[in-house]
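# coords please:
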Amino acid sequence: MKPPTQRRTRRTGRRLLTLTAALGALALGAGTATAAPAWTETGTARVSSLTGSQGLGSRADGSLVYRGLASVPLDLRTAGWEHIGDPDVARGYTFDAYQGGDGTTKKMFAVTGPDGKRTTYEHTLDQGELMNNSFASVSPDGQWLVSGEWGTRSRLQVFPAPVLNPSAPAPGANLPQAGQISLDKPVDNIQGCDFTDATHLLCSSDGSTKQVLEVTLDRPLDGTPVAGHVTSAFAIPQRSICSGTFEAEGIDYDDARGTLRVEMVPPSPCLVTTTVISYGKG
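Numbers count the residues shown, from 1 in each chain. Below is the predicted model of the structure:
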């Protein structure tokens, strides 16, 4: 996730994928292990990019929460939060990741309760931390909030989950980082991650190969540093009547139904509609 200025710069330098690159999408890089195929495509759906291109999350009843370019509420946009990332739903609460424009010194998470009440929590950037706030993903125990930056990174960020974790500060106080997830291999342009269990996350990468990566933790998150082993799960399909550069976006795993969904935004002019690809295990 990134503000428009970064998006234009990044796209300018891209080249169209060739068949060779597509066939090589399962390779994360030299020496990177590739996971055995574990997901089978089961269907596709399409949503408006204005309301669904940035990410999605599944509720307990199976309904989906979408986020798009027009999903930023006016009061938050006026306050400088111009970009919304891939959301997550946990214990009935919806977690959203927000970022401001270039030069901002904070990032923000918004938590919306079952009653529709929204509470915001700001985090002042630590030394070396990028302003990007690509996604929000809550651990299965509801205690930890995982997020990520942009570009090529060797970590995922971890925060105490607001509302759900008793150690999280009250609104208005700085939301601190907890122990980070240190990755054994760098990852490119992570747009979203979601837990499949306490020690596994699936993440959508908008790097040159547009793929879903699996991060295996050495133990469940507990607020202290954790190591993560990165492998490639599968390449995200790039199918459209329009030719050009695709953009991988949000990802969600519906644990109750065993359904994985990944978003792909097609090239212009087809980018007005986002494709949501569903997968089942096996």
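# hang on, residue 269 packs against residue 241?
No. Look at residue 269 against residue 241 with CB atoms under 8 Å: they stay out of range, at 10.0 Å. In this view, the C-beta of every residue, glycine as well, is placed from N, C-alpha and C.
# look up how far residue 51 lies from residue 72.
Noted for residue 72: a distance of 11 Å to residue 51, by CB to CB, to the nearest Å.
# the more surrounded of those two?
residue 72 (20 against 14; other CB atoms under 10 Å).
# can you pull the contacts of that one?
By CB atoms under 8 Å, 6 or more residues apart in numbering, the contact set of residue 72 is 81-84, 98.
# give me the sheet partners of the host helix or strand of residue 98 and which way each runs.
Per DSSP states H and E: residue 98 is located in strand 93-99. If you go by DSSP bridges, strand 93-99 pairs up with strand 83-84 (antiparallel), strand 88-90 (antiparallel), strand 106-112 (antiparallel).
# for residue 164, which of these is the nearest?
Among those, strand 88-90 comes nearest to residue 164, with 6.7 Å by CB to CB.
# pLDDT of that closest one, averaged?
If you average the pLDDT over strand 88-90, you get 98.
# what's the answer for stretch 139-159, then?
98.
# give me the neighbour count for residue 226.
Residue 226: 21 neighbours (other CB under 10 Å).
# quick one: mean pLDDT over stretch 231-249.
97.
# distance between the ends of that stretch?
19 Å (CA to CA, to the nearest Å).
# dihedrals phi and psi, residue 74?
phi -60, psi -40 (degrees, to the nearest 10).
# and for it, the neighbour number?
Applying other CB under 10 Å, I find that residue 74 has 7 neighbouring residues.
# ranking helices and strands of the protein by mean pLDDT, which lands last?
Lowest mean confidence among the helices and strands of the chain (mean pLDDT, DSSP states H and E): helix 19-23, at a mean of 33.
# could you say what helices and strands the following helix or strand past it packs with?
Where DSSP H and E defines the elements, the next helix or strand beyond helix 19-23 is strand 39-48. Here strand 39-48 touches strand 273-281, going by 3 or more CB pairs under 8 Å, 6 or more residues apart in numbering; DSSP states H and E.
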